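**Student:** What shape does this take:
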Amino acid sequence: MTTLSREEKVFKAIEAARQRQGQLEYKMEIPSFIRRQAKSKDDYIRWVRSYFRSVHSDLQLMRIEKKYGILIKQNNRE
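**Tutor:** As a prediction, the model looks like this:
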């Protein structure tokens, strides 16, 4: 197993940051009816994914932070 040098790690981090730079994050509030309706954590995640997929079809859910969904614009969608 080879380890990367410090310069290689820095270069990889810079390249990764350049690729992420073009993607803006959108912070959207999750509706209260979804928070009340879900009975478990998995059920909640499924409801949130379905909601954002139907309402904001051009955005992709990246993560959930408390009562907000963090979305980014999908580039590869046709």
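**Student:** nearest residue to the most centrally placed residue in the chain other than its sequence neighbours?
**Tutor:** Geometric centre of the chain, nearest residue: Met62, 1.0 Å, by C-alpha atoms, centre = their mean. Nearest residue to Met62, sequence neighbours excluded (C-beta to C-beta, 6 or more residues apart in numbering): Ile70, at 5.0 Å. Placement of C-beta: from N, CA and C, glycine included.
**Student:** From the chain's centroid, how far away is the worst-scoring helix or strand of the chain on mean pLDDT?
**Tutor:** Using mean pLDDT, DSSP states H and E, helix 6-21 stands out as the lowest-scoring helix or strand of the chain, at a mean of 79. Centroid separation between helix 6-21 and its chain, computed with C-alpha atoms, centre = their mean, to the nearest Å, is 20 Å.
**Student:** Then stretch 10-23?
**Tutor:** With C-alpha atoms, centre = their mean, you get 17 Å for stretch 10-23.
**Student:** buried stuff in it?
**Tutor:** Going by neighbour count (16 or more other C-beta atoms under 10 Å), nothing in stretch 10-23 comes out as buried.
**Student:** re the thing from before, now do the next helix or strand after the least confident helix or strand of the chain, average pLDDT.
**Tutor:** Downstream of helix 6-21, the first helix or strand assigned by DSSP states H and E is strand 25-29. On average, the pLDDT along strand 25-29 is 90.
**Student:** So what are the sheet partners of strand 25-29 and their directions?
**Tutor:** Strand 25-29 sits in its sheet next to strand 68-73 (antiparallel), going by DSSP bridges.
**Student:** Thanks again, I'm all set now.
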